[in-house]
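Q: build me a structure from this.
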Amino acid sequence: MTSVSQCFEHLRSRARCALIPFITAGDPDLETTEQALQVLDQNGADLIELGVPYSDPLADGPVIQAAATRSLQRGTKLEQVLELVQRVSPTLRSPIILFTYYNPILNRGIERFLQEIAAAGVKGVVVPDLPLEEAEILLRPATAHGIELILLVAPTTPKERISAIAAHSQGFIYLVSTTGVTGIRSQMESRVKDMLLELRGVTDKPVGVGFGISQPEHARQVMNWGSDAVIVGSAFVKRLADVPADKGLREIAEFCRSLKRAIASV
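A: Numbering: from 1, shown residues only. From the prediction side, this is the model:
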């Protein structure tokens, strides 16, 4: 499995936009999560974001919050998530990016956390409640373990702060498309295009857009605006929720293929 940066370098050399699906570990159960990672990898994903369930997911909307709650109620632990990743990552083409909040990292200890996720095969990590001022404490040891720390830019981020975030983010820059939490929305906000242009003015690092992309048309629009990646979460999580596992896996396979077709080079 390649690194996050290497994956983007490969895609850029072929003028292709990356597809990054998100699913919540342990919803509906860990066995289905393991199968879902393989299904996504085989049906168009270029990288995969795997959410670690957390009791207070401030950046997540109702769909992903509910998935995290269900997973925690079934007793999902970080150890189990990493065991799953360790089993499946050698079979995947897509690098795995772990999505987790900062408190569980501090609780475990930064060095121990990074050692364990690196050993499991994780290639990148997103910590949505980690401010830029605190990022250095994670950035340096993450680099030493071969983990790329991906930082977020929001619509409310001031221009001077955008430059600083872009300078420190590794792998790619995660551009949040809307103010607020994750979730399914009917259309993309046009200011995403302006924010992409603003980022292009301060960095040549890849930029991925997430929060609110739920349809192939959204993915195509964001790609046409200049994004290097489209990140889709709630729409995948919803397809796995409250349905038999085999049906959910079929639905995410079909949806993943439809998104990939929408952003395919013509």
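
Q: the spatially most central residue of the chain: which element?
A: Nearest residue to the geometric centre of the chain (CA atoms, centre = their mean): E49, 3.6 Å. Element membership of E49, judged by DSSP states H and E, is strand 48-51.

Q: can you tell me the strand partners of that strand and which way each runs?
A: strand 18-24 (parallel), strand 96-99 (parallel) (DSSP bridges).

Q: relative to the whole chain's centre, how far out is that strand?
A: 5 Å (CA atoms, centre = their mean, to the nearest Å).

Q: dump it to PDB, keeping only the CA atoms.
A: This file holds the C-alpha atoms of strand 48-51, laid out as PDB (Å, rounded to 0.1, in the frame of the first residue of the first chain):
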ATOM      1  CA  ILE A  48     -10.500   5.300   2.300                       C
ATOM      2  CA  GLU A  49     -11.300   7.200   5.400                       C
ATOM      3  CA  LEU A  50     -12.200   5.100   8.400                       C
ATOM      4  CA  GLY A  51     -13.900   6.700  11.300                       C
END
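
Q: and the next helix or strand after that strand, average pLDDT?
A: Downstream of strand 48-51, the first helix or strand assigned by DSSP H and E is helix 62-73. Mean pLDDT, helix 62-73: 93.

Q: quick revisit: and the strands paired with strand 48-51 as CSV, adding mean neighbour count?
A: Every residue, glycine included, has its C-beta placed from N, CA and C. Converted to CSV, these look like this (neighbours: other CB atoms under 10 Å):
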stretch, mean neighbour count
strand 18-24, 27
strand 96-99, 24
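
Q: need the ones you listed in JSON lines with mean pLDDT and distance to P141, can you?
A: Below are these laid out as JSON lines (pLDDT from 0 to 100; distance: least, CB to CB, whole Å):
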{"stretch": "strand 18-24", "mean pLDDT": "98", "distance to P141": "24"}
{"stretch": "strand 96-99", "mean pLDDT": "98", "distance to P141": "15"}
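
Q: would you mind measuring from the nearest residue to the residue nearest to the centre of the chain once chain neighbours are set aside to S163?
A: Among residues not flanking E49 along the chain, F22 sits closest, at 4.1 Å (CB to CB, 6 or more residues apart in numbering). Distance, F22 to S163, using CB to CB, to the nearest Å: 27 Å.

Q: show me where the chain has its helices.
A: 4-13, 30-42, 62-73, 78-88, 102-108, 110-120, 132-144, 159-168, 191-200, 216-224, 234-240, 245-262 (DSSP state H).

Q: tell me what angle the first one forms with strand 18-24.
A: If I follow you right, that is helix 4-13. 140 degrees (axes from the mean of the first three to the mean of the last three CA atoms, to 10 degrees).

Q: for helix 4-13, packing partners?
A: Contacts defined by 3 or more CB pairs under 8 Å, 6 or more residues apart in numbering; DSSP states H and E place helix 4-13 against strand 18-24, strand 148-150.

Q: verify the contact between K205 and S169 for me.
A: Yes. K205 sits in contact with S169 when judged by CB atoms under 8 Å, with a separation of 6.6 Å.

Q: where does the stretch 151-266 of the chain have low pLDDT?
A: 178-189, 265-266 (pLDDT under 70).

Q: hmm, 80 instead?
A: 178-190, 242, 265-266 (pLDDT under 80).

Q: hang on, the earlier thing: export the helices of the chain as JSON lines, with columns for distance to L175 and mean neighbour count.
A: Converted to JSON lines, the helices of the chain look like this (distance: least, CB to CB, whole Å; neighbours: other CB atoms under 10 Å):
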{"stretch": "helix 4-13", "distance to L175": "14", "mean neighbour count": "17"}
{"stretch": "helix 30-42", "distance to L175": "21", "mean neighbour count": "20"}
{"stretch": "helix 62-73", "distance to L175": "18", "mean neighbour count": "20"}
{"stretch": "helix 78-88", "distance to L175": "26", "mean neighbour count": "18"}
{"stretch": "helix 102-108", "distance to L175": "20", "mean neighbour count": "15"}
{"stretch": "helix 110-120", "distance to L175": "24", "mean neighbour count": "17"}
{"stretch": "helix 132-144", "distance to L175": "15", "mean neighbour count": "15"}
{"stretch": "helix 159-168", "distance to L175": "10", "mean neighbour count": "15"}
{"stretch": "helix 191-200", "distance to L175": "6", "mean neighbour count": "17"}
{"stretch": "helix 216-224", "distance to L175": "9", "mean neighbour count": "20"}
{"stretch": "helix 234-240", "distance to L175": "17", "mean neighbour count": "23"}
{"stretch": "helix 245-262", "distance to L175": "17", "mean neighbour count": "17"}
